[in-house]
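**Q** Starting from these lines, generate the structure:
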Amino acid sequence: PLLIWNAQNEWLMFKHDAGHVNSSGFSLKVLGEFVGGQLGILSPIICVLLFSGLRHTFSKQLPLRFLCWITLILLAFFLSKALTGKVQINWPAPLYLTLFPLWAGRFGSAGNIYKRVVTAGFLISVIIIAATFFPNLVGVEEGRGPFKKVKGWQQGITDVYHQSPKADFLILSYYSLAGE
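**A** Numbering: from 1, shown residues only. I've put the predicted structure just below:
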């Protein structure tokens, strides 16, 4: 059904996905945004711990080594993509699906200091996430937080709804406009 629909609609889904693959030129700035975004979303401590799990288990049994290779291939892909174009913050999620089991295997045999560092890392992650969703908790004034583009549209959307003919969906220019 997916291929039939795309064939009937000028391969729309594939054109959209091809836009993600195109290069906008070499950019260390975009790479920095990618790495900074990942450090911000997980916390620097959790990132270091996750990748230490990769290093620690690389020489272990074959199934674990297989997970390590999958992780390294995904990491190489996202880093190379980030050198030539924007990588959305959620795209590397599959990378963490392989890193967490590798890290968890190390956590069971870890000492108390390691476990305290992990706890601190998770607490920092919770604080980062709370500050992202509730910026006023850390002194960022209303309307200036990371989600400022998707807030405050309710009245405009209500007006458009009442003025428009009945429609099953809307086509918008930007993802952020679809936030409401």
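**Q** For I41, see how far away the residue minimising distance to the centre of the chain is.
**A** The centroid of the chain falls nearest to N90 when counting by CA atoms, centre = their mean (1.9 Å). In this view, N90 and I41 are 9 Å apart by CB to CB, to the nearest Å. The C-beta positions use only the backbone N, C-alpha and C, and glycine is treated the same way.
**Q** so where is the protein shaky, pLDDT-wise?
**A** Scanning the chain for pLDDT under 70 picks out the ranges 14, 16-24, 56-60, 106-108, 142-154, 167, 170, 172-180.
**Q** which SS class is the residue nearest to the centre of the chain?
**A** State at N90, reduced to three classes by DSSP: H, G, I helix; E, B strand; the rest coil: coil.
**Q** So which elements touch whichever strand or helix holds V48?
**A** Assigned by DSSP states H and E, V48 belongs to helix 44-57. Contacts defined by 3 or more CB pairs under 8 Å, 6 or more residues apart in numbering; DSSP states H and E place helix 44-57 against helix 28-42, helix 62-84, helix 93-107, helix 112-133.
**Q** Turn those into a markdown table, including mean neighbour count and distance to V160.
**A** A markdown table is the format used below for those (neighbours: other CB atoms under 10 Å; distance: least, CB to CB, whole Å):
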| stretch | mean neighbour count | distance to V160 |
| --- | --- | --- |
| helix 28-42 | 16 | 32 |
| helix 62-84 | 15 | 35 |
| helix 93-107 | 17 | 32 |
| helix 112-133 | 13 | 26 |
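**Q** and those helices as JSON lines, adding distance to I4?
**A** Listed next are the helices and strands packed on helix 44-57 as JSON lines, based on distance: least, CB to CB, whole Å:
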{"stretch": "helix 28-42", "distance to I4": "36"}
{"stretch": "helix 62-84", "distance to I4": "29"}
{"stretch": "helix 93-107", "distance to I4": "27"}
{"stretch": "helix 112-133", "distance to I4": "40"}
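**Q** what's the closest of the ones you listed to P1?
**A** helix 93-107 (24.3 Å; CB to CB).
**Q** Also compute the angle for the closest one relative to helix 62-84, please.
**A** On the basis of axes from the mean of the first three to the mean of the last three CA atoms, to 10 degrees, helix 93-107 is oriented at 140 degrees to helix 62-84.
**Q** Need the residues that contact stretch 40-57.
**A** Here stretch 40-57 makes contact (CB atoms under 8 Å, 6 or more residues apart in numbering) with 38-39, 64-65, 67-68, 71-72, 89, 96, 99-100, 102-107, 117-118, 120-122, 124-125, 128.
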